[in-house]
Structures are given as structure tokens and as C-alpha cells.
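Novice: next comes the sequence, and after it the predicted model I'd like to discuss.
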Amino acid sequence: MSILSKLQDEKLKGLVYGNRIILPFECEILKIVIDTKILTDFSPANRDALCQSRHGYTDIYFLDYKDLPQQLSDYELIKIIVVERGKDLFDFNNHIQLGVRIVNGHVTEIEKLSEDSLFVE
Amino acid sequence: MKRIHVLIILVLIAGSLFNVAAETVDANAAVLPAASETEIAGEHTLPSPYMVIPFVVLLLMIATGPLFYHHFWEHNYPKVSIFLGLITTVYYLTVLNDTHSLMHTLAEYLSFIALLSSLFFAAGGIFINVDRKSTPMLNVILLFFGSIIANIIGTTGASMLLIRPFIKINKNRIKPYHIIFFIFLVSNIGGALTPIGDPPLFLGFLRGVEFFWFISNVWYIWLPTVLVILVIFYIRDRANKDGQDQLQEYSGKIEFKGSKNLLYLLIILISIFIDPGVMSWVPSLSPLPFGIREIIMFSVVIISFKTSDKEILKKNEFDVEPIREVAFLFIGIFATMIPALQLIAHEANVLGEQLNSGIFYWSTGLLSGFLDNAPTYLNFLSASMGKFGLNVNDKLEVAEFMSNHALYLQAISVAAVFFGAMTYIGNGPNFMVKSICERAGIKMPSFFAYLVKYSIPILIPVFVVVWFVFYFGRG
């Protein structure tokens, strides 16, 4: 089942440990907005975020943060544009806008961003 | 003639910065910001011009931090701001033994942050959604509407209320210029018609300028200025063809949620007038650096945060960081700018005789773009009244100045509000709008890019025309 079809039915659960977010699917990350930071450089030289797609999940390390649950408010979303692994990156229809919200403990909720959300690709 | 104007402005600023010898002058010769003059007896020493350095360093760091060392800046801007502010504070406490200036500035800061934070929290619980296709004309209508309501709910209230729907409408074609024009009009220039619109005018109102004086004396400058900027925006926006291939359907509906928070906005607006200077029955809490008004505003912050609809807060992605950023940066700005303002006030009084309305317009304006426009306004109001032997602390004399020398009051009022749009730090809402837009994924121009790409090429020519038409060779 694709990310998109899963997200239409339900919110996905992810994980957060310190500055590490774990998305429960494999994907290519195109853009992240966290706080006022707009991240598009995911090359090894960048000092903002480190993304690694592994078997069955994707890691994002936010290098500027020590503890995301402490540093982000309850209403704040980490906004991410992803393309599911294996899908055509160049087709904008495959770009999915996600919002990651830290719920409690180490759990995050991942939802497809609604039309109401402020997020400009 | 132009050269002489420029020269006197330069002398005014340079005199403040390079007059190394500390001078002793009478307190009523505007050593202190105008607000405190009558309350002080005896003599006060002007600060050393070197004490302007912390302010300059803070401005430079605000400008360069996000560009060249953003990792350090993002983590340390509160510490930097407080540290630089402390340098000035310690200097005033130990070298000048002047606690009054510090307490006065603290009171101004608390008043400033109470208004900004209460409007921020109250407006954060209101959700407006305009489900219409973005067109240049719709944007022009929204910006014009924002410019008008800025006079009713303040530039901060209007900015917080409209920035989110403005971004949403333009989601498929938004560019930084959309936001910059929003800052120009809704966050600044729009609010020049009433004392509620922008803090400097409110300070003028507290000093005795009639509430409706601004609208009756400024509207014929406000309207063409707003219209010219809207025309420039319209031309620029028509050239933006992004998002035209989108096949989205629109219902045309305008959705509004959070009416409870409208009541909070109303309470804030009423509380603005709950001041011993406006209503004699209001008790003063002196020597505390705040009054009943600030207590009401901070109460609204707490109540609106506790009772706002959680779904709306989620939809608005409400976050305290934008107001936190403003609170930390401006505590440093308020503290470090005390010496700059005192030196400018002194120079303005010394040179008062030579200054005409045009020079007051440019001096107030250019300094309002980089300093907080409220105290800058008061200092130049004091200086311009001093030119005619009038005292800013006497309401009858303010009324006389308002009637007999309206041109000067108009020049200072227009400049203080309009030029706040020149930089991100010219007015409180500018920074908040920038922060909200960055959270929405919009890459905003840097401090310098804002100046070079937008303020100087768009605003300065408009302001030059305003000066030429209304102040050149007059007064």
C-alpha cells in the first residue's frame, strides 16, 4: 500500500528520539520546513539535517536541535515534501506534503497536509 | 537645497555619533526622551557617543546573523540581545546613575510587548479562509482592506488576522514580493490614519493630539501613497504567471471562525484608552513600570491562549516563537537605543532652529526605519515643538502646535509610520509576518535584500514624491 493511500485512511504513527524523526516508510525528501528554517540542501556537507532512507523507514536527524519534543510546540508541524521510494520524482503529482506533529512520548502523528495548512512548495 | 537638507541630516546623525565629549545639559533640553522631561529635576549627563556601539552591533547582527552565521544566531540571539542590552543598562546604572531613563524605557517596552503579544494571541485564535482564485485584483482588494482595518485594529492586529488568508489565497503563485507589499501596506503605511493604527501616533494622542486630527490631516497623503504602492504591486503581480495552469475549483466562500477572539480584540482596543493620560479616573500604578492597560493586555494573552478553539490554533499552526523572537530582539533594541535616542534628541534640539518640515520628515523617517518609531516620533515631536518654544509635555501647547504648526506634526507623523516599512526592524509586525511566512515555507529576503531589492527601489521614490509634493520648500 502506498503512503498516499495509507494517509487518506488514517494518520500514520512515526517516532521521535531527541533530534531524530523516524518516518515509517521509504521516501525521497525534497523539502522540510521546521520552525522558520526552510531546508532543501540534504547533501552530506549541510549542517541542518541528515536524511537516510533505510529498509522500511526513513530517518531525519535535525542537527540544529537537541530535543525536538522540548523545542517544538504542541501546535507546530514539521512540514515535509516527500516522494515515495520507487515513484517518479519528476512528476509533481507524486509529491506528497506531510505534516509531522509530536504527540507524546516518542510518538509522532504523520498526516497529509490539508488545504488549510500554510505550506508553499 | 537638497544638498543642504542631506547635509543637515548627516550632521544630525554624525553629531550624535562622533561628539566624543560627554556634555552636561539641562534635563529639559531633551537629554531624556521627551516622555520623561517634566518629571526630572536637576541635571543629567548625556551618554558617551561610544554607547551607541551596542545598538549598532545589535542592528548589524540582526542583519548579518541569519545570512552569515545562522547556526550561531538561531541559538544565541536571545543571549546576544540581552547581553548588549545589559551593557547599556550597567552603563546607565553605574556611570550615569540614571535609573529614570531605564525605568522609562522598561515601561515603554512592556507597553509595546503587551500590545503586540495580546494582538498576536487574540488574532491567532481567529481563522479566516477565502476560497477564491488568486488574482492581482483580489490581492489589491485584500491589501487595501488590510490598510483600512489597520486603523481600527492596529497594524499588528491586521497583519496577524490577514497574513494567513493572504498566503493561502496565493498558495500556488506566492513570491516574496507578495509578503513585502503586505508588510509595506498592512503592517505599516496603512495604519497612519488613527492613533490605534501605529504606536507613535498613539503616543502623540497621549500627549494631546486629537484622535481625529490624524485622519483629517493625513488622509490626503495616505490615500495616494497607498494607491501608488497598490498600482506598483498590481503591475508586478500581473507579470506573475505562476499557478495559472492549476485546475482547482473554488467555492468563492469566505469562512470565518473564532468570533470569541473578536471580543478579545475589542477588549484590547478599549484597553488602549485605559490610561491616566486619557481618562483621569484611571489610577496610575507608578512607580511600577506598567499600568492597568498592560495588566488587561497580558490577561488577554493568558485568557485567549487558554480558551481559543484548539482546532483553530491547529489550523493556524499557532506557535509562540514569532512573538518570542520579537520579545527578545526588541528588549535588546529598546535598551541599546536609549543613548542613540538621547543623543539624537539633543542634536535635534540644538539644530531645531535650522530644521524645516522636510528635514523633520526625512530625519524622523530614516531613523524610524532603523530605530523603534515610537520614541523617535516623540523625540522629533519634542524638537519640532521646541523650535516654536512649545513644550511636548503640556497638552495645551500640544494643541497649539497641532493648530498652528500642523505641517510639522503631519510631517513627523507620516514619516514615523511610513518609514517603519523600510526594514524588518522598523515596526514590530514586520518581523512577525516574516516569521509566519518562513514557517509556511516561503523563503524571505534577508535584511539587506529587503532594503536593496524592495525598500529602496519602491518606497524611497514614493517617499521622495511625498516629500516633494507636501514638504519641499514649505515650513
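Specialist: It's in. Note that the structure is a prediction, hence the values are computed from the model and not measured.
Novice: what helix or strand is residue B:103 on?
Specialist: helix B:99-124 (DSSP states H and E).
Novice: ok, then the element right after that helix?
Specialist: strand B:127-130.
Novice: and that following strand, what does it pack against?
Specialist: Counting contacts by 3 or more CB pairs under 8 Å, 6 or more residues apart in numbering or on different chains; DSSP states H and E, strand B:127-130 is packed against helix B:136-169, strand B:254-257. C-betas here are computed from N, CA, C, even on glycine.
Novice: quick one, which of the ones you listed gets closest to chain A.
Specialist: helix B:136-169 (5.3 Å; CB to the nearest CB).
Novice: list the buried ones in whichever helix or strand comes after that closest one?
Specialist: Later in the chain than helix B:136-169, the nearest helix or strand by DSSP H and E is helix B:176-185. Going by neighbour count (16 or more other CB atoms under 10 Å in any protein chain shown), the buried part of helix B:176-185 is B:176-185.
Novice: need the contact partners of whichever helix or strand residue A:28 is part of.
Specialist: According to DSSP H and E, residue A:28 maps onto strand A:27-34. Strand A:27-34 has contacts (CB atoms under 8 Å, 6 or more residues apart in numbering or on different chains) with A:3, A:38-40, A:42, A:49, A:51, A:53, A:58, A:60, A:62, A:65, A:72, A:78-85, A:89, A:95, A:119, A:121, B:438-441.
Novice: try stretch A:35-49
Specialist: A:29-33, A:50-51, A:60-64, A:72, A:76, B:71, B:74, B:321, B:435, B:438-439, B:441-443.
Novice: if I look at residue B:339, how far off is residue B:377?
Specialist: Counting by CB to CB, to the nearest Å, the gap from residue B:339 to residue B:377 is 18 Å.
Novice: what ranges do the helices span in chain A?
Specialist: A:3-9, A:68-71 (DSSP state H).
Novice: could you say which of these is packed most deeply?
Specialist: Highest mean neighbour count of the helices of chain A: helix A:68-71, a mean of 16 (counted as mean count of other CB atoms under 10 Å in any protein chain shown).
Novice: and it, does that touch chain B?
Specialist: No: under the criterion of CB under 8 Å from any CB of the partner chain, helix A:68-71 makes no contact with chain B; the nearest approach is 9.6 Å.
Novice: tell me the helices and strands packed up against that helix.
Specialist: Judged by 3+ CB pairs under 8 Å, 6+ apart, helix A:68-71 has no packing partners among the helices and strands.
Novice: where's the nearest residue to residue B:384 once chain neighbours are set aside, which helix or strand?
Specialist: Spatial nearest neighbour of residue B:384, chain neighbours left out: residue B:408 (4.4 Å); criterion: CB to CB, 6 or more residues apart in numbering or on different chains. Following DSSP H and E, one finds residue B:408 within helix B:406-418.
Novice: flag every buried residue along that helix.
Specialist: In helix B:406-418, counting by 16+ other CB under 10 Å, buried: B:406-418.
Novice: is it possible to get TSV of the residues you listed that adds pLDDT?
Specialist: Output for the buried residues of helix B:406-418, formatted as TSV (pLDDT from 0 to 100):
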residue	pLDDT
B:406	92
B:407	93
B:408	93
B:409	94
B:410	95
B:411	95
B:412	95
B:413	95
B:414	96
B:415	96
B:416	95
B:417	95
B:418	95
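Novice: which one of those is nearest to residue A:100?
Specialist: Distance to residue A:100 across the buried residues of helix B:406-418 (CB to CB) is lowest for residue B:417, with 40.8 Å.
Novice: just checking, the closest one touches residue B:188?
Specialist: Yes: taking CB atoms under 8 Å as the definition, residue B:417 is a contact partner of residue B:188 at 6.5 Å.
Novice: any shared contact partners between those two?
Specialist: residue B:198.
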